[in-house]
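>>> Sharing a model prediction with you, sequence too.
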Amino acid sequence: MWAAVLAACAACYLLKLAGMSVPPAVLEHPAVERVADLIPVALLAALVAVQVFASGSGLVLDARLAGLAFAVVALALRAPFLVVVFGAALVAALLRLAA
């Protein structure tokens with residue numbers, strides 16, 4: 001087990017070292033900057049999709065979908081972030097309570 005942890009630590013360090021050794025001219029290219037700006041958005045969207053639609057290895061449509069729908073509408077209406085989060089949680093909780 002410790003060998004796997006140490007190997008993962010070494011791999012992370014080498015990956016960071018490789019990223020730091022890239023010349024600045026490459027990192028300042030417009031395509032690289034555009035992709036670097038979009039990667040966190042894509043990863044967050046994928047995380048939300050997995051957390052909402054997956055249960056184990058199956059596809060599930062339950063109260064989490066209604067919470068996500070509330071969050072999308074609230075964000076479209078430019079509601080404050082806390083309203084979005086608590087409102088989505090409240091919608092999902094009430095639907096689970098009703099079921």
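Everything's here; your move. Numbers count the residues shown, from 1 in each chain.

>>> could you measure the residue minimising distance to the centre of the chain against V22, distance?
Centrality entry for the chain: nearest residue to the mean C-alpha point is L44, 2.0 Å, by C-alpha atoms, centre = their mean. L44 sits 24 Å away from V22, going by C-beta to C-beta, to the nearest Å. C-beta: built from backbone N, CA, C; applies to glycine.

>>> Contacts made by the least confident helix or strand in the chain by mean pLDDT with the rest, please.
Within the chain, confidence by mean pLDDT, DSSP states H and E is lowest for helix 24-27 among all helices and strands, at a mean of 87. Residues from elsewhere that reach helix 24-27 (C-beta atoms under 8 Å, 6 or more residues apart in numbering): 32-33.

>>> With just CA atoms, put the next helix-or-strand element following it into CSV.
Going down the chain from helix 24-27, the next helix or strand is helix 30-53, by DSSP states H and E. Output of helix 30-53 as CSV, limited to C-alpha atoms (Å, rounded to 0.1, in the frame of the first residue of the first chain):
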residue,chain,number,x,y,z
PRO,A,30,-4.1,32.0,-27.2
ALA,A,31,-5.2,28.4,-27.8
VAL,A,32,-3.5,27.2,-24.6
GLU,A,33,-5.0,30.0,-22.6
ARG,A,34,-8.5,29.3,-23.9
VAL,A,35,-8.3,25.6,-23.1
ALA,A,36,-6.8,26.3,-19.7
ASP,A,37,-9.8,28.6,-19.0
LEU,A,38,-12.3,25.9,-20.0
ILE,A,39,-10.9,22.8,-18.4
PRO,A,40,-12.1,23.7,-14.8
VAL,A,41,-15.6,24.4,-16.2
ALA,A,42,-15.7,21.1,-18.0
LEU,A,43,-14.4,19.1,-15.0
LEU,A,44,-17.0,20.8,-12.7
ALA,A,45,-19.8,20.0,-15.1
ALA,A,46,-18.7,16.4,-15.3
LEU,A,47,-18.6,16.1,-11.6
VAL,A,48,-22.1,17.6,-11.2
ALA,A,49,-23.4,15.2,-13.9
VAL,A,50,-21.9,12.2,-12.2
GLN,A,51,-23.2,13.2,-8.8
VAL,A,52,-26.7,13.9,-10.1
PHE,A,53,-27.4,11.1,-12.6
